[in-house]
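Peer 1: How does the following fold in three dimensions:
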Amino acid sequence: MTGGWLRACRALQGAGVGARDVGAREGVIPVLRSAAPLLNIVGFEPDLEEVQRLQGEGDGAGPFRSLTYLPVALGSADGTRQLYLCRSRGCSSFLRPNRAFLERFPDARRFDVVGTATVAMRSLDSLRRDPSGGLPQHVDFIKLDTQGSEVDILRGAQQTLRDVVAVQVEVQFAPLYESQPVFREVDALLAE
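Peer 2: From the prediction side, this is the model:
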């Protein structure tokens, strides 16, 4: 057992761990920071200003093996899509806020739609197949926090998911956004 464990550790040390942070607003999540020297991270965030802020925060990868942020949204297919920009940018989504539900809670104004933007969208599978993308092909871990579009992204990552060891997905039990898939739908898709 010890020999196998050592070989696995050496392999990780050599190749690193490929991670995709989808919905990278505010930077890399704390759970990944503990393994920073092993991680090759690609963060996806459709808000160009946020990507520029994240890139300007550090000097290159910092504690990570590699760290790249891309101003691209992920979905089930390549193309463009309308993003609803909310008063609080972290609440922006491809889905309209579910006002009937949100009005029950304090600070529902943060979900007010203040504009829209058309953003480029790619599927995770097409990005992996694109030789001009320059992205690390190896993906072990995917984190999704995309304000209701997680199922759409998972549908565009069917091939990628076959190689992934772990997925962290933000889910809701009640829809914060109109037509938002909730926990049972995310769970059913991942169970496939």
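Peer 1: Okay, the residue nearest the centre of the chain and residue 74: tell me how far apart.
Peer 2: Computing the C-alpha centroid of the chain and ranking residues by C-alpha atoms, centre = their mean puts residue 22 first, at 1.0 Å. When C-beta to C-beta, to the nearest Å is the yardstick, residue 22 and residue 74 sit 5 Å from each other. C-betas here are computed from N, CA, C, even on glycine.
Peer 1: do residue 62 as well
Peer 2: As it turns out, when the distance is counted by C-beta to C-beta, residue 62 lies 24 Å from residue 74.
Peer 1: Okay, strands next: where are they in this protein?
Peer 2: Taking DSSP state E, the strands of the chain run over residues 17-22, 39-44, 66-70, 73-74, 79-86, 113-122, 141-144, 166-169.
Peer 1: mind putting the ones you listed in TSV, mean pLDDT included?
Peer 2: Supplementary listing: the strands of the chain in TSV, determined by pLDDT from 0 to 100:
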stretch	mean pLDDT
strand 17-22	92
strand 39-44	92
strand 66-70	91
strand 73-74	96
strand 79-86	96
strand 113-122	96
strand 141-144	95
strand 166-169	95
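Peer 1: Make CSV out of those strands and add distance to residue 184.
Peer 2: Formatted as CSV, the entries for the strands of the chain read as follows, by distance: least, C-beta to C-beta, whole Å:
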stretch, distance to residue 184
strand 17-22, 21
strand 39-44, 25
strand 66-70, 31
strand 73-74, 22
strand 79-86, 24
strand 113-122, 25
strand 141-144, 16
strand 166-169, 13
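Peer 1: quick one: which of those strands is nearest residue 99?
Peer 2: Proximity of the strands of the chain to residue 99 was assessed by C-beta to C-beta; the nearest stretch is strand 113-122, lying at 9.5 Å.
Peer 1: Could you list the paired strands of the closest one along with their orientation?
Peer 2: Next to strand 113-122 in the sheet, as set by DSSP bridges, lie strand 73-74 (parallel), strand 79-86 (antiparallel).
Peer 1: For the last one, report the contacting residues that lie outside it.
Peer 2: Yep, that's strand 79-86 we're talking about. Residues outside strand 79-86 that contact it (C-beta atoms under 8 Å, 6 or more residues apart in numbering): 46, 73, 75, 92-97, 110-121.
Peer 1: Contacts only, for residue 173.
Peer 2: If a contact means C-beta under 8 Å, 6+ apart, then residue 173 has 182, 183 as its contacts.
Peer 1: which residues do residue 22 and residue 74 both contact?
Peer 2: With the criterion set as C-beta under 8 Å, 6+ apart, the overlap between the contacts of residue 22 and residue 74 is 44, 124, 146, 153.
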